Each structure stands twice: as C-alpha cells, then as structure tokens.
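Peer 1: Let me see the structure of the following:
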Amino acid sequence: MFKLLSGVFFTVAAQAAPILYTIGASQTGVPNQLVRIDVASTAVTTLATLGNGSQSFAGGLVGGTNDFFGAFMNGGGGQTVFVFTTSTGVTLPFAVFPEFSPGGLTMQVSPQNFFWTSNDSNGNSTLVTSIPGMGGPIGTGFTGGLAYRETNSTLYAIRNDSNGNSTLHYFNTNTSQMVQLGINLGSGFLGGLVWDPASDLFYALGSDANANATLYRFAAGDATPTALFGIGQGYLYAALSVGAIFEPTPSGGGVPEPSTYLLCGAAIVAITLVNRRSR
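Peer 2: This next block holds a predicted model:
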C-alpha cells in the first residue's frame, strides 16, 4: 500500500495477468488510438480516438489511477505536448516542450516521478526526469520504451540499433549510463515496455518486418522473451502501460481523485522547470 497524499491510499490489486494499454494506428495510419489489451483473455479492444485524429500520440503512455493516463502528443508546429487523457478519449494539454521524438514514458509511484526519453533527428537519446542528478544523454536509439521497477528502484529501457536489433538496458545511477543486460530480445521492439508489479514481470511489444505486433513477457534475468499472442498491426510506437493497478480507496470509483490530477501535474511542472534551468 502506498500513501501518496494525506487521506488518499493506493493498493496494488492482485491479478493473475494484467490489463495493458497501448497506442495503435487509426485507419489513416496516425497513431492516436487508445487500445486495451487483456492479457488473460488475449482480447484487444480499441477504446477511443485521442485528440482530433490528426495528431500523433506515438512515444509514451503511463497509467495512474483507473482510466487516467499521461501521454505525449506531436501535432506539428515544432511542439511536443504532454497531455492527460482518459479511456474515453478526453485529452487535456498540460505542458509544452520543443518538438522531439519520444521514446517511452514511465512513472515511479512512491515518491512520484516521471521519466521519459527524447530523441533528436540524429537519433541521440536523452533521459528526462525530475530527480536531481539523474538523467541526461544516454547514447543513441532508445526508442523502445521505458519501465520503472519498484522492487529494486531501477529504470529499464529498450534500445534499437541501426540494424534493428533490440536490447534491454538498465540505468546505473552511479555512472548515469545505460547498461546492457543479457536477455536476447531479437529485433523490432519499438512498441513499448512496462513492468507489472503483481507478477514482477516485464511486458513489451515487438513487431516483425511486416509490422505485425506481438506481445512478449519476460523477467529481468531471462535469456529470451516469451511470445504470448499477436495484436495486429500499427503498434510501432513506444507506448505501453499497466492500467488500473493503483485504485483509490475507499471510493474505488472510475474517476480519479482531483488531488491525483494535481499531483501528476505538479510532477510535470517540476520537470519543465528543471529543463528550463538546464538550458
């Protein structure tokens, strides 16, 4: 159980297999469809179109309480916008940044911090976070998603090299560098990465040469990932989140507490201020 605000408690819900969320492409190919993946039943359900259908929401999705998410939106005009969104497609812009290509978004629960990777036009990757002394340049090709593992307070990321090979890394806080792990992922892991606290397992989306996406599962020390099932095409984006694992009590309703919105917003504001001071 985590206490995030006075009088607001969150518990980790026990479940055999998680409910995941990702972002897929619309009929016109724009990545703006919020999609629900029920791992236990293998059901894949499109929930809503995000935004007005013309923006790209590729590159990051993080779930907080129930059906409340944070995501990045690139709509042109040289800007990348962080938005709050719900499973019904309602979006609320919150913070604006100079345009970049996001490579994943994740959240530390307690204390609450956001992490994401930004990639420039040359493929250089930067880790962005509100934690003092953490973050900065991390190399190239970190376009495959981020996941924060609470059990060992470690950030994990998937890197894709110029040949399409995918590797799993963790962030070493002592050296501020990404360190490659031994698992052989293969190639095409551009669809995101998430850690499930109920099982202490990672889930990731990989796509083949024909853009057919498959959901994979693995532990941090595994030699290879386990392919679970295919989810279709249009998921070549670093966006994967575990949904509805932190449920407020005693209400347990489907609408987040107002204080949760403010807490998430405060974290993004803090990151924005840190970035401005560093420039």
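
Peer 1: Okay, residue 38 and residue 45: tell me how far apart.
Peer 2: With distances taken as Cβ to Cβ, to the nearest Å, residue 38 is found 8 Å from residue 45. Where C-beta positions appear, they are placed from N, C-alpha and C, glycine not excepted.

Peer 1: out of these two, which sits in the busier spot?
Peer 2: Of the pair residue 38 and residue 45, residue 38 is the one with more neighbours under other Cβ atoms under 10 Å, namely 13 against 9.

Peer 1: Kindly provide the whole-number mean pLDDT of the strand or helix carrying residue 62.
Peer 2: Assigned by DSSP states H and E, residue 62 belongs to strand 61-63. In this model, strand 61-63 has an average pLDDT of 86.

Peer 1: starting at the chain centroid, how far to the next helix or strand along the chain from it?
Peer 2: Helices and strands here follow DSSP H and E; after strand 61-63, the next one along the chain is strand 68-74. Averaging C-alpha positions (Cα atoms, centre = their mean, to the nearest Å) puts strand 68-74 9 Å from its chain's average.

Peer 1: Given the next helix or strand after strand 68-74, what are its sheet partners and their directions?
Peer 2: Past strand 68-74, further along toward the C-terminus, the next helix or strand under DSSP H and E is strand 79-86. Paired strands of strand 79-86, with direction, are strand 68-74 (antiparallel), strand 91-98 (antiparallel) (DSSP bridges).

Peer 1: Could you identify which of those strands is most buried?
Peer 2: Most buried of the strands paired with strand 79-86, by mean neighbour count (mean count of other Cβ atoms under 10 Å): strand 68-74, with a mean of 24.

Peer 1: And the contacts of it?
Peer 2: With contacts defined as Cβ atoms under 8 Å, 6 or more residues apart in numbering, strand 68-74 is touched by 21, 23, 34, 50-51, 55-64, 80-87, 91, 93, 99, 101-102, 105, 107, 114, 116, 239, 241, 243, 256, 260-261, 264, 268.

Peer 1: For the buried ones among those residues, write the corresponding PyMOL selection.
Peer 2: To isolate the buried subset of the contacts of strand 68-74 in PyMOL, counting by 16 or more other Cβ atoms under 10 Å, use the following:
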select buried, resi 21+23+34+50+51+55+56+57+58+59+60+61+62+63+64+80+81+82+83+84+85+86+87+91+99+101+102+105+107+114+116+239+241+243+256+260+261+264+268
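
Peer 1: Perfect, I'm done here.
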